[in-house]
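Got a predicted structure here, sequence first:
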Amino acid sequence: MENIGGKEVAVQRPLKDVYVDDDGGTSALISCLRIVTCFVKMMVTTFIWALIMLVLLP
């Protein structure tokens, strides 16, 4: 209970944080792997589309 403007007001607070930002080496490594994986997937997709476009070239 908090006293706001002379009135007692119930304030509901979360019991614990659901997401805690961890700046450790593990989270940095996971982020790095996700970025590299995304880049590789995009390069493969681009290469496949380039092959399709070459085949469709008259």
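Good, I have the coordinates.

any chance you could map the helices in the protein?
Assigned by DSSP state H, the helices in the chain fall at 25-56.

just for it, where's the confidence low?
Within the chain, the stretches falling below the threshold (pLDDT under 70) are 1-6, 9-23.

if you set the cut-off to 50 instead, what comes out?
Of all residues in the chain, none has pLDDT under 50.

Next, the buried residues of stretch 47-57.
By neighbour count on 16 or more other C-beta atoms under 10 Å, the buried set for stretch 47-57 is empty. For glycine as for every other residue, the C-beta is placed from the backbone atoms N, C-alpha and C.

what sits up against stretch 43-50?
Around stretch 43-50, nothing counts as a contact under C-beta atoms under 8 Å, 6 or more residues apart in numbering.

burial count for residue 29?
Residue 29 has 10 neighbours, counted by other C-beta atoms under 10 Å.
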